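Participant: just a sequence and a predicted model for now, questions to come.
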Amino acid sequence: MPWTIDKVDEHKKGLSDEQKKKWVRIANSVLKRCENKKGKDCEAVAIRTANSKINANKQMIAVNFLQETGYMPEIKEHEGRSYYVVPVVMMVEGVHNGSAGAVYHSKEELGKSVEYWNNMPVTISHPETDEGSFVSANSEEVLESYGVGFVHHAYMDDEKLKAEIYVDIEFLSAMSPEAYNAIQNGQILEVSVGIFTDDENTKGKWNNEEYIKIARNHRPDHLALLPGETGACSVKDGCGVRVNNEEKKGGKNVNLVVLKDLIKDGLVAVPIIYKEGLYEHLSKLQSLLNAMDTNEIYHYMEEAYDDYLVYSKSSKDGRKLYKQSYQNNNGTLEFTGDPVEVQRKISYVTVNKNDTKMCEPCKEKVNELIANTSTNLTENDREWLETLSEDKLDLFIPKVIEVNAQLPTLDEAIKVIQANNKTLEDYMGLLPVEMREKISDSLALFEESKQNTVKAILDNTEDGTWKEEDLKVMSLSVLKKIEKSIVKRVVDYSVRGTVGTSDVSKVPPLILGN
């Protein structure tokens, strides 16, 4: 393709937007690298790699070692992940033809940087930009699409730079089935170091091999596994994921560590009887599913049982689940019959402790709690309520608060307030600030309205008819009635009208002229 965020759900559901962005970045990077190297089933490899990287918290299970003639990859748990731990010769003294040409690497220079190799990343191939330039592996984005593990316990063995590497089993299986199968079967695998050096432009020979430079001050960056490729320090040179053994000078077979050598080193050797482990069994099942992949359809194992498995089939049309039976013929797994489409179903059953029957009072209390409108419990809660003991059910019974049977009347309440001899300010002080402000504003408007009404009455009645102090003690409603009952005085400001005229209809209008 390349993939976009809106396509992620076709291959992996339940991811957040941030996880989807990461999935797209990894898948597209792996796809481009695979296609550049003309790899097989590149889209399937990219999807499996992205899925495995997003599954960073998923733990894989393995139960035993694998017996092979080259070496035995040990399986160890580290920070919740399962790793193959295998020996590797990263570099040997000699002339190696890398990106800088024929360069001589002395064992003295190799030995100076040994401690810096620990925890360096292990990658599948050397990381590259889209333009094909090599880059450092020590960044999060690069490791997302290239990283499969890390270097551990680096040391010099005479002229050889050796170490153990921890390789994440799930990441390796998804990113490079070829490298995975090689390590699983104890086979030799090419490697190549990613290093920075200060090269001295000096020509010379070492063991009849010509070089144009001498490498100084090695600074480790990563160790690359090279399935299907050859490293600058190749297997023939003595490098690679390989051995506690060395290639014969005659160039034929590999010498194994023999029993007497183990005993001489103080070790006890016991025979190993091989039995297929759970992880290898699951890997074989996934390999059968991988063989069914196309550029548009991908298969992922969901569950596995003794004689059948459940897998998902993802395509542009969506994702479906299938059940597929299989059989084991002396370690060779093969599908039998046709797959059947299935659906995932999850159910929950009630577990009664000690398998005892529910007490009779408990049943009655459950009924009462559900019927009581104060509890908010409904029939949907009956199943789990019936699993509770009687003392636990009692905790749900609402508490009853006793109150006076008869509330006081408004007049009685006013008398109580008046009896306390408190002022309006005292009562206002008991209110919340916001309510106090609203009431204060209302009282100010009320007082202003009352003053205006009293003034209107005094202005429009004969002097002495009302006294101001008598009006002020009246209620506002009474004052409004008095105001409506009186005849308003009319003041005539017309210069042409007759003084004292109250009929404004007879006053000529004021005309503004030039």
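Facilitator: Arrived safely, thanks for sending.

Participant: run a quick neighbour tally on M90.
Facilitator: 25 (other CB atoms under 10 Å). No exception for glycine: its C-beta is placed from N, CA and C like everyone else's.

Participant: do the same with L393
Facilitator: Around L393 there are 20 residues (other CB under 10 Å).

Participant: doesn't it belong to a strand?
Facilitator: No. Counting by DSSP: H, G, I helix; E, B strand; the rest coil, L393 falls outside a strand, being helix.

Participant: name the element the residue nearest to it when sequence neighbours are not counted belongs to?
Facilitator: Take L393 and drop its neighbours on the chain: the residue closest to it by CB to CB, 6 or more residues apart in numbering is K365, 4.7 Å away. Secondary structure assignment for K365, by DSSP states H and E: helix 360-371.

Participant: dump the residue contacts of the residue nearest to L393.
Facilitator: Applying CB atoms under 8 Å, 6 or more residues apart in numbering to K365 gives the contacts 390, 393-394, 397.

Participant: helices along the stretch 251-400 of the chain, start to end?
Facilitator: 259-264, 278-290, 360-371, 382-385, 390-394 (DSSP state H, counting those that start in this stretch).

Participant: can you put the contacts of K365 in CSV and add pLDDT and distance to R25?
Facilitator: Output for the contacts of K365, formatted as CSV (pLDDT from 0 to 100; distance: CB to CB, whole Å):
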residue, pLDDT, distance to R25
E390, 82, 58
L393, 82, 54
D394, 82, 57
I397, 81, 57
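
Participant: shaky segments in the stretch 251-400 of the chain?
Facilitator: Along the stretch 251-400 of the chain, the model assigns pLDDT under 70 to residues 251-280, 346-359, 399-400.

Participant: which residue packs closest to V8, ignoring adjacent ones?
Facilitator: Counting by CB to CB, 6+ apart, the residue nearest V8 is K20, at 4.5 Å.

Participant: what does F396 give?
Facilitator: L369 (5.3 Å).

Participant: is it correct that the one you found is in contact with E379?
Facilitator: No. Counting by CB atoms under 8 Å, L369 does not reach E379; the two are 11.2 Å apart.

Participant: more neighbours: those two, which one.
Facilitator: L369 (20 against 7).

Participant: please spell out which residues along the host helix or strand of T453 are buried.
Facilitator: Assigned by DSSP H and E, T453 belongs to helix 433-459. Buried residues in helix 433-459, counted by 16 or more other CB atoms under 10 Å: 450, 453-454, 456-457.

Participant: likewise stretch 74-88?
Facilitator: Those would be 75, 81-88, for stretch 74-88 by 16+ other CB under 10 Å.

Participant: now the two most distant members of the residues you listed.
Facilitator: R81 and P87 (19.9 Å; CB to CB).

Participant: quick one: contacts for H105?
Facilitator: 91, 93-96, 215, 218.

Participant: and it, what are its bridge partners?
Facilitator: G94 (DSSP bridges).

Participant: so how far is A137 from it?
Facilitator: From H105 across to A137, the span is 20 Å (CB to CB, to the nearest Å).

Participant: do I212 as well
Facilitator: 27 Å.

Participant: surely E93 and E159 touch.
Facilitator: Yes. Using CB under 8 Å, E93 is in contact with E159, at 3.9 Å.

Participant: list the residues that contact both of the two?
Facilitator: What both E93 and E159 touch, as defined by CB under 8 Å, 6+ apart, is the set K107.

Participant: these two - which one has more neighbours?
Facilitator: E93 (23 against 16).

Participant: how close does that one sit to C239?
Facilitator: 11 Å.

Participant: all helices for the stretch 1-150 of the chain, in order.
Facilitator: Under DSSP H, counting those that start in this stretch, the stretch 1-150 of the chain gives helices at 17-36, 42-54, 107-112, 140-146.

Participant: Serialize those to CSV and add fields for distance to S173, mean neighbour count and mean pLDDT.
Facilitator: Shown next, in CSV, are the helices of the stretch 1-150 of the chain (distance: least, CB to CB, whole Å; neighbours: other CB atoms under 10 Å; pLDDT from 0 to 100):
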stretch, distance to S173, mean neighbour count, mean pLDDT
helix 17-36, 14, 18, 83
helix 42-54, 8, 24, 80
helix 107-112, 32, 16, 92
helix 140-146, 15, 18, 85
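
Participant: save those as TSV, and put in distance to Y305 too.
Facilitator: Shown next, in TSV, are the helices of the stretch 1-150 of the chain (distance: least, CB to CB, whole Å):
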stretch	distance to Y305
helix 17-36	29
helix 42-54	22
helix 107-112	51
helix 140-146	33
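
Participant: sorry, back to before: wait, the residue nearest to V8 touches I5, no?
Facilitator: Yes. K20 lies in contact with I5 (CB under 8 Å); the separation is 4.8 Å.

Participant: put the alpha carbons of stretch 77-86 into PDB.
Facilitator: Taking Å, rounded to 0.1, in the frame of the first residue of the first chain, the C-alpha atoms of stretch 77-86 are listed here in PDB:
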ATOM      1  CA  GLU A  77      11.900 -13.500  30.700                       C
ATOM      2  CA  HIS A  78      12.900  -9.900  30.800                       C
ATOM      3  CA  GLU A  79      10.600  -7.100  31.800                       C
ATOM      4  CA  GLY A  80       7.500  -9.200  31.000                       C
ATOM      5  CA  ARG A  81       8.800 -10.300  27.600                       C
ATOM      6  CA  SER A  82      10.200 -13.600  26.300                       C
ATOM      7  CA  TYR A  83      13.600 -13.600  24.700                       C
ATOM      8  CA  TYR A  84      15.900 -16.000  23.000                       C
ATOM      9  CA  VAL A  85      19.400 -15.700  24.500                       C
ATOM     10  CA  VAL A  86      22.100 -16.800  22.000                       C
END
